[in-house]
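Enquirer: coordinates for the following, if possible.
(one chain, ligands or ions: 1)
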Amino acid sequence: MKNLALLYPNKFKGGISCLAMHVLYHHLNKYKDIRCDMYFLENYSQIKNKDAIIITLQYENDYFNVVKIIEKLRINNPKAIFIGGGPCSIANPLPLSNFFDAFVIGEIEDSSIMYDLINGGRDLRGVYYPEYHGRNRKDFKKIKRIYPKKLGIEDYPIVQFTHPSGAYGKAFLLEIGRGCPRRCKFCMAKGIYYPPRFRRLEDLTYLVDEGLKYTEADKVALIAPSVGDYRHILELCQYIRENHNIPISPSSLRADTVSEELLEILDIKTLTIAPEAGSERLRNYIGKDISLEDIERALEIAKINNIDSIKLYYMVGLPTEEKEDIEGIINLSKSIKREFRRVSISINPFIPKPCTEFEKEPFNMESKNNIRYIEKSLRKCGIQVSYENFNSMVVQCVLCRGDASLGNLIREYNKPNQFLKYLKRMGLLNKYLGPLE
Ligand code: SF4
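Expert: Purely as a prediction, here's the structure:
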């Protein structure tokens, strides 16, 4: 019998709504000779004498926790193999390559890779062993990503743990698709989960029927990079409403997929739209493919459905950005505020992520001033403005583009600000933020 720990390297409320945690837990516990338990930042110190410790890497800023956790757990788990997985592992695990024994590069469903790895398998497809393969970018790039051609039902977690504090509340997570058919040049989800795959309608209705039998949930959360691009979305929502009479919330909707019928059936109090850029020119350039007309049409439909709250997502510092793109963000938001009671915006710097068309573009440090300028202009009009801590976004950029040499620095300067200060002091920041060859 192998004893495993499955660990989310951050707080419980994020981990419990992370579908990957449920998928892995379900997948691993289906083997009769495996026992797998879930852990989070709050209780990981209870992990002792395990055979394998699997850590899902969803966000680069968790790396500081990850390094601290692994160093502590190595002591109480001397036999354990440490395995990393998740989107950051697929995109670029190099900054953590000194700490893990292996990384799974891809999606584990429909394969026995995780099982074989835990049982000492070597030379497995889709597995990156830093010690064996090497820790350079070209060593890592040789590993071919694995993924199931179709998303089936066998590996789907019907029984999910839920908690009101979860990011989606007490929701049954229903993944309708993975990968995205759109062409946004900044989007990592598109690159690392290519090709786009949607589940069959009859599979989804089966999963929701079974899931709601065994999961304590008071809503269904639809998970996909772009929920509205599923061609049976309306039929699926109608089915859920008619058979379960339970609220349905989508993880994301593109403005050009919003329809009157869809909004009527979904449990949406605030319509979220991601124009990303303030001008039509820049939206086209970044491949967002959402026109002003699409946005206006979505807002019109929101009004018809008595939705009076709008949330907008923008980025600044995108390649080719000009002053008028910044003004465009301000003007578009103000014009929406004239029509809606509550408008809030989230604005963050563009980060050139690996596995995207913009991966070689520089990070723009001017974004900080532009965010402040936008905030100042919009707050006085009653628009709520939120953004991430700028330094933590800079750190995210460094880590997502970084190499193995960052590993020791993450360990030594175990707080993002200290880490950043060191890079600045040593004149290393531009190596990670500047344009790449
Ligand atoms: S629509 Fe969303 S998920 Fe799809 S490529 Fe664009 S940003 Fe990515």
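Enquirer: from now on I want contacts and neighbour counts done on CA atoms only, so please keep to that.
Expert: Fine.
Enquirer: confidence score at residue 50?
Expert: If you check residue 50, the pLDDT there is 98.
Enquirer: again, but for the one 5 residues further on
Expert: Per-residue pLDDT puts residue 55 at 98.
Enquirer: ramachandran coordinates for it?
Expert: Here is the backbone geometry of residue 55 (degrees, to the nearest 10): phi -120, psi 130.
Enquirer: list the contacts for it?
Expert: Going by Cα atoms under 8 Å, 6 or more residues apart in numbering, residue 55 touches 6, 7, 8, 9, 82, 83, 84, 85.
Enquirer: right, and the fifth one touches residue 100 too?
Expert: Yes: Residue 82 is within contact range of residue 100, at 5.2 Å (criterion: Cα atoms under 8 Å).
Enquirer: and of the contacts of residue 55, the nearest to residue 196?
Expert: For the contacts of residue 55, the minimum distance to residue 196 (Cα to Cα) is 19.7 Å, reached by residue 85.
Enquirer: for burial, what's the neighbour tally of the closest one?
Expert: When neighbours are counted by other Cα atoms under 10 Å, residue 85 registers 22.
Enquirer: next, it: phi, psi?
Expert: phi -150, psi -180.
Enquirer: help me confirm that it comes into contact with residue 103.
Expert: Yes: at 5.7 Å, residue 85 counts as touching residue 103 under the criterion of Cα under 8 Å.
Enquirer: quick one: residues contacting the residue nearest to the spatial centre of the chain.
Expert: By Cα atoms, centre = their mean, the mean C-alpha position of the chain lies nearest to residue 58, the distance being 6.1 Å. If a contact means Cα under 8 Å, 6+ apart, then residue 58 has 86, 87, 88 as its contacts.
Enquirer: who are the contact partners of residue 114?
Expert: Neighbouring residues of residue 114 by Cα under 8 Å, 6+ apart: 28, 104, 108.
Enquirer: and these, which is closest to the ligand?
Expert: The ligand has its nearest neighbour among these in residue 108, at 20.7 Å by Cα to the nearest ligand atom.
Enquirer: how much space separates the closest one from residue 117?
Expert: For residue 108, the distance to residue 117 equals 11 Å [Cα to Cα, to the nearest Å].
Enquirer: pick out whichever of those two has more residues nearby.
Expert: residue 108 (22 against 19).
Enquirer: check which helix or strand covers that one.
Expert: Element membership for residue 108 (DSSP states H and E) is empty, with no helix or strand holding it.
Enquirer: wait, it sits on residue 145?
Expert: No: using Cα under 8 Å, residue 108 is not in contact with residue 145; the gap is 10.3 Å.
Enquirer: without its sequence neighbours, what residue ends up closest to the residue of the stretch 251-400 of the chain found nearest the ligand?
Expert: Going by Cα to the nearest ligand atom, the ligand is nearest to residue 288 of the stretch 251-400 of the chain, at 6.0 Å. Using Cα to Cα, 6 or more residues apart in numbering and skipping residues adjacent in sequence, the residue nearest residue 288 is residue 184, 5.0 Å away.
Enquirer: in a strand, residue 10, correct?
Expert: No: with DSSP: H, G, I helix; E, B strand; the rest coil as the criterion, residue 10 is coil rather than part of a strand.
Enquirer: what's the neighbour count on it?
Expert: Neighbour tally, residue 10, other Cα under 10 Å: 22.
Enquirer: got the contact list for the closest residue in space to it that isn't next to it in sequence?
Expert: Nearest residue to residue 10, sequence neighbours excluded (Cα to Cα, 6+ apart): residue 41, at 4.8 Å. Taking Cα under 8 Å, 6+ apart, we find residue 41 in contact with 8, 9, 10, 11, 12.
Enquirer: make it 10 Å
Expert: Neighbour list for residue 41: 7, 8, 9, 10, 11, 12, 15, 65, 66, 69 [criterion: Cα atoms under 10 Å, 6 or more residues apart in numbering].
Enquirer: for residue 436, the count of nearby residues, please.
Expert: Look at residue 436: counted by other Cα under 10 Å, it has 13 neighbours.
Enquirer: A strand includes it, no?
Expert: No: Residue 436 is assigned coil when assessed by three-state DSSP, not a strand.
Enquirer: pLDDT score for it?
Expert: Here, the pLDDT recorded for residue 436 equals 91.
Enquirer: re the thing from before, so of the contacts of residue 58, which ones are in helices?
Expert: When helices are assigned by DSSP state H, the members of these inside them are 87, 88.
Enquirer: please identify which of the contacts of residue 58 is nearest to the ligand.
Expert: residue 87 (13.4 Å).
Enquirer: who's in contact with the closest one?
Expert: 20, 56-60, 93, 105-107, 188-189, 192-193.
Enquirer: out of these, who's nearest the ligand?
Expert: Nearest member of these to the ligand, counting by Cα to the nearest ligand atom, is residue 189, at 5.7 Å.
Enquirer: distance-wise, check the closest residue to that closest one other than its chain neighbours relative to residue 25.
Expert: Nearest residue to residue 189, sequence neighbours excluded (Cα to Cα, 6+ apart): residue 179, at 6.4 Å. Going from residue 179 to residue 25 by Cα to Cα gives 22 Å.
Enquirer: what sits in contact with each of residue 108 and residue 145?
Expert: residue 126.
Enquirer: which helix or strand contains residue 315?
Expert: strand 309-316.
Enquirer: anything in contact with each of residue 85 and residue 103?
Expert: Both residue 85 and residue 103 are contacted by 54, 55, 56, 93, 127, under the criterion Cα under 10 Å, 6+ apart.
Enquirer: which of the residues you listed are buried? Put it as a ChimeraX command.
Expert: Those of these that count as buried under 16 or more other Cα atoms under 10 Å are selected in ChimeraX with:
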select :54,55,56,93,127
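Enquirer: among the shared contacts of residue 85 and residue 103, which ones are in strands?
Expert: Counting by DSSP state E, the shared contacts of residue 85 and residue 103 place 54, 55, 56, 127 in strands.
Enquirer: return the member of the residues you listed nearest to residue 351.
Expert: Closest to residue 351, out of all of these and judged by Cα to Cα, is residue 56, at 21.2 Å.
Enquirer: list the contacts of that closest one.
Expert: Counted by Cα under 10 Å, 6+ apart, residue 56 has contacts 6-10, 15, 18, 20-21, 24, 62, 66, 83-89, 103-104.
Enquirer: repeat that for residue 21.
Expert: 6-8, 15, 27, 38-39, 54-56, 86, 157, 160.
Enquirer: now the ones in strands among the shared contacts of residue 85 and residue 103 in JSON lines, with distance to residue 224?
Expert: Output for these, formatted as JSON lines (distance: Cα to Cα, whole Å):
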{"residue": "54", "distance to residue 224": "24"}
{"residue": "55", "distance to residue 224": "22"}
{"residue": "56", "distance to residue 224": "18"}
{"residue": "127", "distance to residue 224": "25"}
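Enquirer: and residue 112, how many neighbours?
Expert: The number of residues packed near residue 112 is 12, by other Cα under 10 Å.
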